[in-house]
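Undergrad: requesting a structural model of the entry that follows:
(one chain, ligands or ions: 1)
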Amino acid sequence: MKNPPTIPIQGCAPVAVKANADDRGCLFEIFREEWAGAFKTVQWNACSSRAGVMRGAHVHLDYDEFYTLPMGRVFIALRDIRRASPTFGNSIGFEWSAADGFAIPVPAGIAHAVFFLDDSVLAFGLSGYWKAELDVLGCRWNDLDPSLTWPAESARLSPRDTDSGSFADMLASYETMSAIA
Ligand SMILES: Cc1cn([C@H]2C[C@H](O)[C@@H](COP(=O)(O)OP(=O)(O)O[C@H]3O[C@@H](C)C(=O)[C@@H](O)[C@H]3O)O2)c(=O)[nH]c1=O
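TA: As a prediction, this is how the structure comes out:
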C-alpha cells in the first residue's frame with residue numbers, strides 16, 4: 001500500500017488490497033470479507049468512467065460501500081455528515097491511483113464525489129442492495145466543502161448531478177430521511 005492518506009473520518013481508513021503485478025498487467029485481490037475494515041457485501045458494481053467525469057457528490061442512507069480502484073487515477077472527496085459521529089463535518093480530498101494498492105470504505109452517511117483524472121474503473125461493494133428510490137441524496141460537487149481544492153473547475157456530469165442542490169439542502173434531507181428510516 002503506497003501513499004495511504006490519513007483520512008480524518010471514522011470508518012474510512014484505507015484498506016490494503018493485494019496487487020499481483022507482472023509484465024501482463026495486474027491481478028488484484030480487491031476484497032476479502034476477513035480484511036480489517038471490510039464488511040459483508042451483497043452487491044458489487046464496476047463503474048468505468050472517462051477522464052473529466054465527476055460522479056457525485058452523493059450520500060447513502062441504507063448501505064455502506066467498499067470502494068476499490070482496479071484501474072486508473074481519480075480525485076475522491078469525502079465528508080462526514082453523520083451528526084452523531086465524532087468526525088462529523090470532517091472532509092478530505094485526495095488523489096488516488098490504482099497503483100497505490102488500497103481500497104476505501106465509504107460508510108452510509110459519508111458524502112462522496114469522485115473526479116476521474118484518467119479513464120478509470122471503480123469497483124465497489126455494497127452492504128445492501130441498491131434501490132433507485134433511495135439513491136436520491138446529493139449536492140453540487142463543488143459545494144461539498146469550500147475548503148476542498150479540486151483538480152478541475154468543471155466536469156462532465158449526469159443530469160442528476162447537474163441538477164443537484166446545496167450541501168445544506170443535502171444535509172437537511174439526509175437528516176429528515178434518516179429520522180424516518
Ligand atoms: C448505483 C447503481 C446504478 N444503477 C443504474 C442507474 C442508472 O441507470 C445507471 C447509472 O446510475 P447513476 O447515474 O446513478 O450512477 P452514478 O452517478 O455513478 O452514481 C453512483 O455514484 C457513485 C459516486 C456512488 O456513490 C454510487 O453509489 C452511485 O450513486 O446505473 C444500477 O442499475 N445499479 C446501481 O447499483
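Undergrad: in this structure, what residue comes closest to the ligand?
TA: Closest residue of the chain to the ligand, Cβ to the nearest ligand atom: Trp130 (3.2 Å). (Each C-beta comes from the backbone N, C-alpha and C, glycine too.)
Undergrad: so who does the most centrally placed residue in the chain touch?
TA: Central residue of the chain (Cα atoms, centre = their mean): His112, 4.7 Å from the mean position. With contact set as Cβ atoms under 8 Å, 6 or more residues apart in numbering, His112 has these partners: Gly56, Ala57, His58, Val59, Glu65, Tyr67, Ile76, Ala77, Leu78, Arg79, Val106.
Undergrad: wait, which of the residues you listed is closest to Ser48?
TA: Checking the contacts of His112 against Ser48 by Cβ to Cβ gives Tyr67 as the nearest, at 14.3 Å.
Undergrad: which helix or strand contains the closest one?
TA: Under the criterion of DSSP states H and E, Tyr67 resides in strand 65-71.
Undergrad: on the three-state scheme, Glu34 is what?
TA: The three-state label given to Glu34 by DSSP: H, G, I helix; E, B strand; the rest coil is coil.
Undergrad: just give me the neighbour total for it.
TA: 6 (other Cβ atoms under 10 Å).
Undergrad: can you tell me which residues contact it?
TA: No contacts exist for Glu34 under Cβ under 8 Å, 6+ apart.
Undergrad: which ones are touching the nearest residue to Ala99 once chain neighbours are set aside?
TA: Excluding the flanking residues, the one nearest Ala99 by Cβ to Cβ, 6 or more residues apart in numbering is Lys2, at 6.7 Å. By Cβ under 8 Å, 6+ apart, the contact set of Lys2 is Ala99, Asp100, Gly101.
Undergrad: mark which of those residues are buried, thanks.
TA: Asp100, Gly101 (16 or more other Cβ atoms under 10 Å).
Undergrad: closest to Leu27 among the contacts of Lys2?
TA: For these, the nearest to Leu27 is Gly101 (12.5 Å; Cβ to Cβ).
Undergrad: one step back: near the ligand, which of the contacts of His112 show up?
TA: Gly56, His58 (Cβ under 6 Å from any ligand atom).
Undergrad: format the contacts of His112 as TSV; extra columns: secondary structure.
TA: Formatted as TSV, the contacts of His112 follow (three-state DSSP):
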residue	secondary structure
Gly56	strand
Ala57	strand
His58	strand
Val59	coil
Glu65	strand
Tyr67	strand
Ile76	strand
Ala77	strand
Leu78	strand
Arg79	strand
Val106	strand
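Undergrad: model confidence score at the residue located most distally from the centre of the chain, please.
TA: Farthest-out residue of the chain from its mean C-alpha position, per Cα atoms, centre = their mean: Asp23, at 29.9 Å. pLDDT, Asp23: 96.
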